[in-house]
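Q: sharing a model prediction with you, sequence too.
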Amino acid sequence: MPEARRIVFRMLECDKPIIARVNGHAVGTWRDGCATCCDIIIAADHAKIGDPHVNAGLVAGDGGALIWPQLIGFARAKEYCSPAT
């Protein structure tokens, strides 16, 4: 976790824009956390971004729960941070 935190903070502090290209699934600490910290996200139509922690009964603690509402709005972020039905 310290390494993941360091990567996310460095991405947020970067002076240059960071662009993510998502062509598949971006789930979990490394993928969705890093993709959502980017300034620009270019995703394929079939791309999936999600956080599987909640399906296991865990809090989404990799940054998704904090960053997603700022990017896509609170109501939509709740959909991604809720367990799959």
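A: Received the coordinates, thanks.
Q: so which residues of this protein form helices?
A: 2-13, 28-36, 64-72, 74-80 (DSSP state H).
Q: may I see those helices organised as JSON lines, with distance to residue 50 and mean neighbour count added?
A: The way it works is simple: take the backbone N, C-alpha and C, and place the C-beta from them, glycine included. Supplementary listing: the helices of the chain in JSON lines, determined by distance: least, C-beta to C-beta, whole Å; neighbours: other C-beta atoms under 10 Å:
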{"stretch": "helix 2-13", "distance to residue 50": "17", "mean neighbour count": "12"}
{"stretch": "helix 28-36", "distance to residue 50": "6", "mean neighbour count": "20"}
{"stretch": "helix 64-72", "distance to residue 50": "9", "mean neighbour count": "17"}
{"stretch": "helix 74-80", "distance to residue 50": "6", "mean neighbour count": "13"}
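Q: among those, show the one with the smallest mean pLDDT.
A: Mean pLDDT values for the helices of the chain show the minimum at helix 28-36, a mean of 62.
Q: sorry, back to before: so which of the helices of the chain is nearest residue 20?
A: For those, the distance to residue 20 is smallest for helix 28-36, at 4.4 Å, taking C-beta to C-beta.
Q: with adjacent residues omitted, what lies nearest to residue 40?
A: In space, and not counting its chain neighbours, residue 40 is closest to residue 19: 4.6 Å by C-beta to C-beta, 6 or more residues apart in numbering.
Q: tabulate the helices of the chain (a markdown table), appending distance to residue 44.
A: Compiled in a markdown table, those are given as follows (distance: least, C-beta to C-beta, whole Å):
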| stretch | distance to residue 44 |
| --- | --- |
| helix 2-13 | 21 |
| helix 28-36 | 12 |
| helix 64-72 | 17 |
| helix 74-80 | 18 |
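Q: residue 16: what's it in contact with?
A: If a contact means C-beta atoms under 8 Å, 6 or more residues apart in numbering, then residue 16 has no contacts.
Q: distance of it relative to residue 77?
A: When distances are taken as C-beta to C-beta, to the nearest Å, residue 16 and residue 77 turn out to be 26 Å apart.
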